[in-house]
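Undergrad: Structure of the sequence below:
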Amino acid sequence: MRARWGILLTFVSAHLVGCGVLDGEPDCERKGTGVSGIAGVFSFNGGTLAYAVAGEPAVYPFTWPTQQTCDDTVSLRLERADGTEAPAEAVFQRFDNTKGVFTLTTRESGAFQLKLIFEPGTRVATLSTLVVEDRSAAYEELPRWCTRVQRTASGALLCDQRVFRDGVQVMERPAETRHTVAGNVVWEWDFSDGTLRRLVDEGSGALREDPLVPLDVPCCAGPELLVSSERDVLAVGTELYRYEATSTGLASCGSATYGTGSGNSKYFLGESLLFRNYTLAFLVFRQLSRSEACVFSLEGSDVTPVPWAGPVSQQHNGCQLLAGTHVGVGDGGVWVHDTSKAPSILRFYAQVGQGLVEAGSLEIPRALEVGPAHGVNPGPPELRHGEERILPRFVNGRFAFDLYRPSPGYEFRDSSEGLVTFITSQGPGTTRVYRR
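TA: A predicted model of the protein is given here:
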């Protein structure tokens, strides 16, 4: 189905630059009222949020900066964070000496500054905007509730311990198992006997269990996190463990401690996130009011800690301190929510070398709530507005946003880097799966 685009507008500031008094118009400066803001679509005090769909008229009232005819023209410029202009179409209409409207159409998702420029006098009213792509139209339906959903590259959906193709169940795994998916490989951790198995999606029917002998895992009965590639799997328990598929079976490839200080005393607090980029793994966990990221090398046959090489003020026990607390991962980096200021700031840390560097930041509109990611392998954070979810991306140095609006009767379940799910209790209960 055709994807829809939307724009979500949140007022940040409105100000005038310059006097703009014309010769022969002595009343312009005396009767100037200033820009009072854009009203009608967004209630700045009440917190009512509204969307406009791109390609359809989206009308926004505004107040002219004077009550005279000094400001004869108005134009609009939509700017990205780097100051470059984003494509947008605007049509303006002036009703009287104080009021006007503009109709805006835009195609590019991201975070922008919208500038209304009044001339002569070159006064500028600034509006902060988030442009989101509406991804609510295309989904798959599963005929049951799912607490966790994952997808193989060939299209099989794992709904907890059940495997579906095109909405039809083709396989069921033991009840006390947990799975993580990479490409067409499904890693299965069996809590009942503490074993790890590897299954392969061959594109049709049930998953094929790898003929490799299951490994008696020394890690733990139930690992806190599982992250995998098609070749190996990482498990977080009391340590960070790695297991690999070899020609002779599943083999243990070492482990490493994390979050420890002198005397091996544990400093690990709060929920953790784990992501990997090629031969590096990043384990992020909370340390009091901030999060820290510990880096591990996966080269060779062992898991080796990589000490943080940045400023001493930004490190703790060899790990990197981040400016806020982690709320999700994705796009090769970690999302951090900084609540030390108002409005709060969402930051994205990207991998650079063997560490993380802040690559972008975004002030969170007051009408949105930042929630941590959920799912078997959590993805980006959730910007919440009721049951609606807006999931951020950071691609090629820019923010982008995906909007998911549930149908009546559906409520949000969880999200990962690749999937978003909603469930309904109507009838026997179903799960809608949106592919990101």
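Undergrad: any low-confidence regions in the stretch 201-350 of the chain?
TA: Regions of the stretch 201-350 of the chain meeting the criterion pLDDT under 70 cover residues 212-222, 259-270.
Undergrad: distance between the ends of stretch 326-343?
TA: 17 Å (Cα to Cα, to the nearest Å).
Undergrad: So which bits of it are buried?
TA: Across stretch 326-343, burial judged by 16 or more other Cβ atoms under 10 Å covers 326-338. C-beta: built from backbone N, CA, C; applies to glycine.
Undergrad: ok, now stretch 199-207?
TA: Across stretch 199-207, burial judged by 16+ other Cβ under 10 Å covers 199-201, 206-207.
Undergrad: what's the closest of those residues to Leu158?
TA: Closest to Leu158 out of the buried residues of stretch 199-207 is Leu207 (8.8 Å), distances taken as Cβ to Cβ.
Undergrad: Which residue, other than its chain neighbours, is closest to the closest one?
TA: In space, and not counting its chain neighbours, Leu207 is closest to Leu199: 4.2 Å by Cβ to Cβ, 6 or more residues apart in numbering.
Undergrad: List the contacts of Glu108.
TA: Shown in contact with Glu108 (Cβ atoms under 8 Å, 6 or more residues apart in numbering): 86-87, 131.
Undergrad: Quick one, which of those residues has the minimum pLDDT?
TA: Ranked by pLDDT, the contacts of Glu108 bottom out at Val131 (85).
Undergrad: tally of neighbours for Gly379?
TA: Using other Cβ atoms under 10 Å, Gly379 has 24 other residues around it.
Undergrad: measure it to Ser247 for me?
TA: 33 Å (Cβ to Cβ, to the nearest Å).
Undergrad: ditto for Ala90
TA: On the measure of Cβ to Cβ, Ala90 and Ser247 end up 63 Å apart.
Undergrad: neighbour-wise, which of those two wins?
TA: Ala90 (18 against 6).
Undergrad: So what pairs up with that one in the strands?
TA: Residues in a beta bridge with Ala90, per DSSP bridges, are Leu104.
Undergrad: isn't it right up against Phe62?
TA: No. Proximity of Ala90 to Phe62 does not meet the contact threshold set by Cβ atoms under 8 Å, at 11.4 Å.
Undergrad: what residues are shared contacts of those two?
TA: Phe102.
Undergrad: before we move on, back to that, what helix or strand is the residue nearest to Leu207 on?
TA: Assigned by DSSP states H and E, Leu199 belongs to strand 195-200.
Undergrad: which helices and strands sit right next to that strand?
TA: When contacts are defined as 3 or more Cβ pairs under 8 Å, 6 or more residues apart in numbering; DSSP states H and E, strand 195-200 sits against strand 185-190, strand 208-209, strand 215-216.
Undergrad: residues in contact with the nearest residue to Phe95 once chain neighbours are set aside?
TA: Nearest residue to Phe95, sequence neighbours excluded (Cβ to Cβ, 6+ apart): Val101, at 7.4 Å. Shown in contact with Val101 (Cβ under 8 Å, 6+ apart): 59-62, 92-93, 95.
Undergrad: As a markdown table, the helices and strands packed on strand 195-200 with mean neighbour count and distance to Ala125 would be great.
TA: Formatted as a markdown table, the helices and strands packed on strand 195-200 follow (neighbours: other Cβ atoms under 10 Å; distance: least, Cβ to Cβ, whole Å):
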| stretch | mean neighbour count | distance to Ala125 |
| --- | --- | --- |
| strand 185-190 | 23 | 54 |
| strand 208-209 | 14 | 62 |
| strand 215-216 | 14 | 64 |
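Undergrad: export the ones you listed to TSV and tack on distance to Leu356?
TA: Shown next, in TSV, are the helices and strands packed on strand 195-200 (distance: least, Cβ to Cβ, whole Å):
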stretch	distance to Leu356
strand 185-190	26
strand 208-209	37
strand 215-216	32
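Undergrad: of these, which approaches Phe422 most closely?
TA: In terms of Cβ to Cβ, the element of those nearest to Phe422 is strand 185-190, at 23.4 Å.
Undergrad: Can I get the closest one as PDB, trimmed to CA atoms?
TA: In PDB, the C-alpha atoms belonging to strand 185-190 read as follows (Å, rounded to 0.1, in the frame of the first residue of the first chain):
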ATOM      1  CA  VAL A 185      19.200 -17.800  11.400                       C
ATOM      2  CA  VAL A 186      17.200 -18.200  14.600                       C
ATOM      3  CA  TRP A 187      19.100 -18.900  17.900                       C
ATOM      4  CA  GLU A 188      17.100 -20.700  20.500                       C
ATOM      5  CA  TRP A 189      17.900 -20.600  24.200                       C
ATOM      6  CA  ASP A 190      16.100 -23.400  26.100                       C
END
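Undergrad: So what touches that strand?
TA: 150, 152, 158, 173-174, 176-181, 195-201, 207, 217, 222-223, 226, 228-230, 233, 235.
Undergrad: give me every residue that touches the residue nearest to Val200 when sequence neighbours are not counted.
TA: Leaving aside its sequence neighbours, Val200 sits nearest to Arg208 (Cβ to Cβ, 6+ apart; 4.9 Å). Going by Cβ under 8 Å, 6+ apart, Arg208 touches 199-202.
Undergrad: List just the nearest of those to Ser136.
TA: Asp201 (27.3 Å).
Undergrad: Hmm, that closest one is touching Leu157, no?
TA: No. If you go by Cβ under 8 Å, Asp201 and Leu157 don't touch, sitting 10.5 Å apart.
Undergrad: got the residue ranges for the strands in the stretch 251-400 of the chain?
TA: 269-277, 280-287, 290-297, 304-306, 315-316, 319-321, 325-330, 333-338, 345-352, 355-363, 369-371, 382-385, 388-395, 398-404 (DSSP state E, counting those that start in this stretch).
Undergrad: Just name the most buried of these.
TA: Comparing these by mean neighbour count (mean count of other Cβ atoms under 10 Å), strand 325-330 comes out on top with a mean of 24.
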